[in-house]
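> Fold the following.
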Amino acid sequence: MKTPMLALLALGFVFVSTLRINAQTPAAPPAQVEVNTVKFSFARIGSDAWLETDIRLDVKPGGKLVSGEFVDRVKVTLSIGCEASDSKGQKRLVFYRGNMELISLEGGKPGMVRFYLPPEVVKRDNLRADVKYYVIEVEAKGELQKPVKASAATEFTTPDSLKNFLNKVSSESGANEGILMPQYLTPFAADSQRPSATPLRRELQR
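You can find the predicted model right below:
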């Protein structure tokens, strides 16, 4: 009879210990901002075509779509891999990364963010609008938000494929630094057909 009793006592100890550990571990805070949709297309000014990335964000202060409440200091980082080809038709992947920080987003309303590749790059590399590889990272008040399905391309079917892409972007996007531009640095900055959240211009505060 001693062995079953000791086993029960041991199980009870493990159960109570697990409860204590769970009680001491704080629950992860709910996401404040999530990626809703991502769209790639060409935006034209005269004969020039800019490659546009249109990102729509869901803003959920405290984890809920509540109007009248705000999420401050939202930073959006876009990493993309585009198939480029030269004049001889030789193809390669080129990587770009850009980011934009927003002053504040109101809950319950879509937060719109856009990035652009300029027409010179589009022409030089024969870029197309069907971008297959992308990742969007969102921070709110310095905290990285939990990714959702729309945060990354469906091409990434495993965690390793996503990790490899981000490693590639980190190692190779430096050659294209500053080329993937947020909307406020482009001719579309004041386009009433492309309303966007107000950027935090840190360079103007120096």
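> When you work out contacts or count neighbours from here on, use the C-alpha atoms and nothing else.
OK.
> and the spatially most central residue of the chain, what is it in contact with?
With distances taken as C-alpha atoms, centre = their mean, I136 lies nearest the centre of the chain, 1.8 Å away. Going by C-alpha atoms under 8 Å, 6 or more residues apart in numbering, I136 touches 35, 76-79, 151-152.
> next one: V138
Taking C-alpha under 8 Å, 6+ apart as the test, what V138 contacts is 33-34, 74-77, 144-145, 147.
> Least confident secondary structure element in the chain?
None of the helices or strands of the chain scores lower by mean pLDDT, DSSP states H and E than helix 2-24, at a mean of 41.
> Would you mark the buried spots in the next helix or strand after it?
The helix or strand immediately downstream of helix 2-24 is strand 33-45, counting by DSSP states H and E. Neighbour counts over strand 33-45 (16 or more other C-alpha atoms under 10 Å) mark 33-36, 38, 40-43 as buried.
> Kindly report the same for stretch 101-117.
101-102, 104-108, 110-117.
> Contacts for that stretch, please.
Here stretch 101-117 has contacts from 50-61, 64-76, 98, 179-183, 186, 195-201, using C-alpha under 8 Å, 6+ apart.
> can you put the buried residues of strand 33-45 in a markdown table and add distance to D86 and pLDDT?
Shown next, in a markdown table, are the buried residues of strand 33-45 (distance: C-alpha to C-alpha, whole Å; pLDDT from 0 to 100):
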| residue | distance to D86 | pLDDT |
| --- | --- | --- |
| V33 | 39 | 96 |
| E34 | 36 | 96 |
| V35 | 33 | 97 |
| N36 | 34 | 97 |
| V38 | 27 | 97 |
| F40 | 22 | 98 |
| S41 | 21 | 97 |
| F42 | 20 | 97 |
| A43 | 22 | 97 |
